[in-house]
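S.K.: Below is the structure, and that's it, no one-letter string:
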């Protein structure tokens, strides 16, 4: 059974989400929290499969909760809810570690579809990997375990960050267009959402100690896409 934790300080919103998800996916268990501290406690207590966080809860905000959760788990999918349909809001959520973003008001069907797509990408792996792995300089990727090491130290990546790195590295030396990466990693409905790609590439570079101005691994091809340096050694 899939367990979903919804955190929002508006009880009506939580109720609508719970009823909608139970109607569209009766095999899902929906838990609720009315504030950030309760959400964090429920995350530790119930080990949910996915978090839905209101971005602007009073006190401990959804952004705060997301950052704390991400410090403990790179794998759990996180969706932000917000009333503001602004680019800066989307970027703030993605920078905090969220995987997706939805603006209120929304339909339960849309939210259910987003959850299903996100669970496919993160839990079952939307991108099928090959056996063996990839090595370039001091970076190594094990395709079977989906693990990444840099200078023999483990690097914690979210599932989406791993899928993005896998696509780039397994096509080393080739320029991959923005729309191609967005379609393969997030899905065709995201092919024009360049903010998602920009933020996650920046996160990848930070975790790989890769300077965007003088990169070793991920190169920006202006107005085209991104390219991973060199070619795989194995």
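M.R.: That came through, no problem. Since the structure is predicted, the reported quantities are computational estimates derived from the model, not experimental observations.

S.K.: For the helix or strand of the chain with the lowest mean pLDDT, give me every contacting residue.
M.R.: Ranking every helix and strand in the chain by mean pLDDT, DSSP states H and E puts helix 87-96 at the bottom, with a mean of 85. Applying CB atoms under 8 Å, 6 or more residues apart in numbering, the contact partners of helix 87-96 are 55, 63, 66, 67, 70, 80, 82, 101, 195, 196, 199, 200. Using the backbone N, CA and C atoms, a C-beta is placed for each residue, glycine as well.

S.K.: Return the residues in contact with the first one.
M.R.: Right, the one you point to is residue 55. Per CB under 8 Å, 6+ apart, neighbours of residue 55: 61, 62, 63, 80, 81, 82, 89, 92, 93.

S.K.: how near is the last one to residue 168?
M.R.: Taking CB to CB, to the nearest Å as the measure, residue 93 falls 23 Å from residue 168.

S.K.: quick one, which of the two is more surrounded?
M.R.: residue 93 (26 against 22; other CB atoms under 10 Å).

S.K.: From residue 70, how far off is that one?
M.R.: Counting by CB to CB - residue 93 and residue 70 are separated by 12 Å.

S.K.: Excluding chain neighbours, what is closest to residue 112?
M.R.: residue 24 (4.3 Å; CB to CB, 6 or more residues apart in numbering).

S.K.: so how far is residue 109 from that neighbour?
M.R.: For residue 24 relative to residue 109 (CB to CB), the value is 6 Å.

S.K.: Of the two, which one has the most company?
M.R.: Ranked by neighbour count (other CB under 10 Å), residue 24 and residue 109 place residue 24 first, with 15 against 11.

S.K.: and the more buried one, what is it in contact with?
M.R.: Applying CB under 8 Å, 6+ apart, the residues near residue 24 are 108, 109, 112.

S.K.: hang on, the last one packs against residue 30?
M.R.: No. Residue 112 is not in contact with residue 30 according to CB atoms under 8 Å; the separation is 11.2 Å.

S.K.: Residues that sit against both of these two, list them.
M.R.: Looking at what touches both residue 112 and residue 30 (by CB under 8 Å, 6+ apart), the common residues are residue 21.

S.K.: Flag the shaky bits of this structure, pLDDT-wise.
M.R.: Within the chain, the ranges that satisfy pLDDT under 70 run 123-131, 231-234.
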